[in-house]
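S.K.: Sequence and predicted model, in that order:
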Amino acid sequence: MARLNTMMARALAASQQFGPAVKALDDAHAALASGTDGHHPWLSPFDDATLASESALAYSDLGSSKHALRYGERAVELRKEDRARSLTFSRITLARIHVDGGDLDAAIGVGTELLTADPGLGSVRVVHQLDGLGDLLGQHREYGPVREYLARFDEARRARQLLLADIIPSPRGGSR
C-alpha cells in the first residue's frame, strides 16, 4: 500500500494537485509505518529510504522546496553504500533540488559525491539522469565553481561512457 500511495502521490504532484498529493504521501508514510505490507520476494524493497526519495521528487514537482530538501537529504542519509545505484539516484535528486532552490554550492557538494561513485555503476537510467543534472547545472556555467565542476563532470562522464560503450549509445556531443 505504501508503494501504491506513493505512486499516486507522484502522479498527483505531476499534475500540481497539492492537497491530494500530500494526503497520498501521508497515507504512504502511515502504511509503511504500520508494517502491514509484508515482504514479497519478487518485489524490490520499499523502505523508509525509498519513500523519502519518492517524497522528495513529489514535493519537488509541487514546488515545495523546503519539504523536497528535507526528504532529499533524508533519502541520502538512509541509503546504504551497498545500494549504490539507489544512493546515486537519491544524490542526483538532492543535487537537482539544490539547483532548483538556487544553492549551487550545495548542488556541487552533492555532485562531487556523484563524481566519486563507481564508474562501473551504470545503467541507461543513471547516465540519463546524470546528463540531466549536467544540463541543469550547465545553465549556471557563468558561476566559476559550476564551470569547474562541469569540467570534472565531463571527464567522469567520458570514463563512464567508455565502460558502458556496449549498452549506451555514443555521447551526444561535447561539453555543456
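M.R.: Perfect, thanks for sending it.
S.K.: list the contacts for residue 100?
M.R.: Applying C-beta atoms under 8 Å, 6 or more residues apart in numbering to residue 100 gives the contacts 60, 65, 68. Placement of C-beta: from N, CA and C, glycine included.
S.K.: Are any of those residues buried, and if so which?
M.R.: 60, 65, 68 (16 or more other C-beta atoms under 10 Å).
S.K.: what residue ranges in this protein score low on pLDDT?
M.R.: 36-43, 82, 119-122, 164-176 (pLDDT under 70).
S.K.: Determine the longest helix present in it.
M.R.: helix 144-163 (DSSP state H).
S.K.: Just the buried residues of it, please?
M.R.: Buried-residue list, helix 144-163, by 16+ other C-beta under 10 Å: 146, 149, 150, 153, 156, 157, 160, 161.
S.K.: And stretch 81-99, by the same measure?
M.R.: Across stretch 81-99, burial judged by 16+ other C-beta under 10 Å covers 83, 86-99.
S.K.: For residue 138, state which of the buried residues of helix 144-163 is nearest.
M.R.: Nearest to residue 138 among the buried residues of helix 144-163 is residue 150, at 6.4 Å by C-beta to C-beta.
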